[in-house]
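Peer 1: Task: produce atomic coordinates for the following.
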Amino acid sequence: MNPDDELPADEETEIECPQCRTHLHFIRYTTRIAFEGEITIQTYYCPSCQYRHTDTIRKVDSRPKRTWISVRSSDDLRIIVYRSPEGKITIPEMGAEIEPGIASTGEITTIEGIMARIREHMWIAFRDYGESQAERDLDDILAGRVKPFTLVIDDPTGKSTIRSSRAVEVMLTDGP
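Peer 2: Numbers count the residues shown, from 1 in each chain. Reported below is the predicted structural model:
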């Protein structure tokens with residue numbers, strides 16, 4: 001049997017189930033996944049009432065990194081982007097930022113997906129104030145009429161990446 005195919009051990013714990021007060025079972029499994037590398041998945045579950053809680057613990061041993069790309073055409077909108085839970089996205093030309101939140105998760109998307117999310121948030125935030133120039137610029141980009149802009153990801157874990165040979169990556173010494 002391949003070691004990667006082995007199932008993790010199930011252990012009973014001394015922790016009480018918050019629902020029914022019986023003992024929880026515990027599973028811990030360490031594996032490697034794309035972009036993130038080594039992670040440990042811990043699951044507590046109760047066979048009596050089916051309560052379940054899962055934590056994913058990431059091994060963070062990378063150095064801070066800044067990655068950017070100059071988006072020049074509508075073809076560039078299809079470039080794949082991985083943003084780790086700690087990655088901050090900025091588009092300086094638009095003054096747009098996506099900050100990682102307390103419950104932020106990593107995401108795999110495209111540059112177009114990032115632009116669509118920014119546009120959606122702008123609409124929610126500013127719908128009572130009329131359309132701004134930044135919103136019109138985003139509408140043009142999403143319609144394929146791209147004015148050049150720069151997409152930047154600052155990531156203290158160094159795990160975020162832009163999947164393009166034109167992307168520039170710089171390791172940072174003091175953080176982003």
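Peer 1: and the end-to-end length of stretch 93-111?
Peer 2: 15 Å (C-alpha to C-alpha, to the nearest Å).
Peer 1: List of residues touching it?
Peer 2: Identification of contacts with stretch 93-111 by C-beta atoms under 8 Å, 6 or more residues apart in numbering yields 35-36, 69, 71, 76-91, 114, 117-118, 122, 134, 137-138, 149-151, 159. Where you see a C-beta, it was placed from the backbone N, CA and C, and this is true even at glycine.
Peer 1: Pull out the buried residues from stretch 85-96.
Peer 2: By neighbour count, with 16 or more other C-beta atoms under 10 Å as the criterion, the buried positions of stretch 85-96 are Pro85, Glu86, Gly87, Lys88, Ile89, Thr90, Ile91, Met94, Ala96.
Peer 1: re earlier: in strands, which of the contacts of stretch 93-111 fall?
Peer 2: When the contacts of stretch 93-111 are checked against strands (DSSP state E), the matches are 69, 71, 80-83, 88-91, 149-151.
Peer 1: so which two of these are the farthest from each other?
Peer 2: In terms of C-beta to C-beta, those reach their longest pairwise distance at Tyr82 and Phe149, which sit 19.5 Å apart.
Peer 1: Just put the buried residues of stretch 85-96 in JSON lines and tack on distance to Leu142 and pLDDT.
Peer 2: Conversion of these to JSON lines gives the following (distance: C-beta to C-beta, whole Å; pLDDT from 0 to 100):
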{"residue": "Pro85", "distance to Leu142": "26", "pLDDT": "87"}
{"residue": "Glu86", "distance to Leu142": "27", "pLDDT": "89"}
{"residue": "Gly87", "distance to Leu142": "22", "pLDDT": "93"}
{"residue": "Lys88", "distance to Leu142": "22", "pLDDT": "96"}
{"residue": "Ile89", "distance to Leu142": "16", "pLDDT": "96"}
{"residue": "Thr90", "distance to Leu142": "19", "pLDDT": "96"}
{"residue": "Ile91", "distance to Leu142": "13", "pLDDT": "93"}
{"residue": "Met94", "distance to Leu142": "13", "pLDDT": "86"}
{"residue": "Ala96", "distance to Leu142": "13", "pLDDT": "87"}
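Peer 1: No further queries at this time; thank you.
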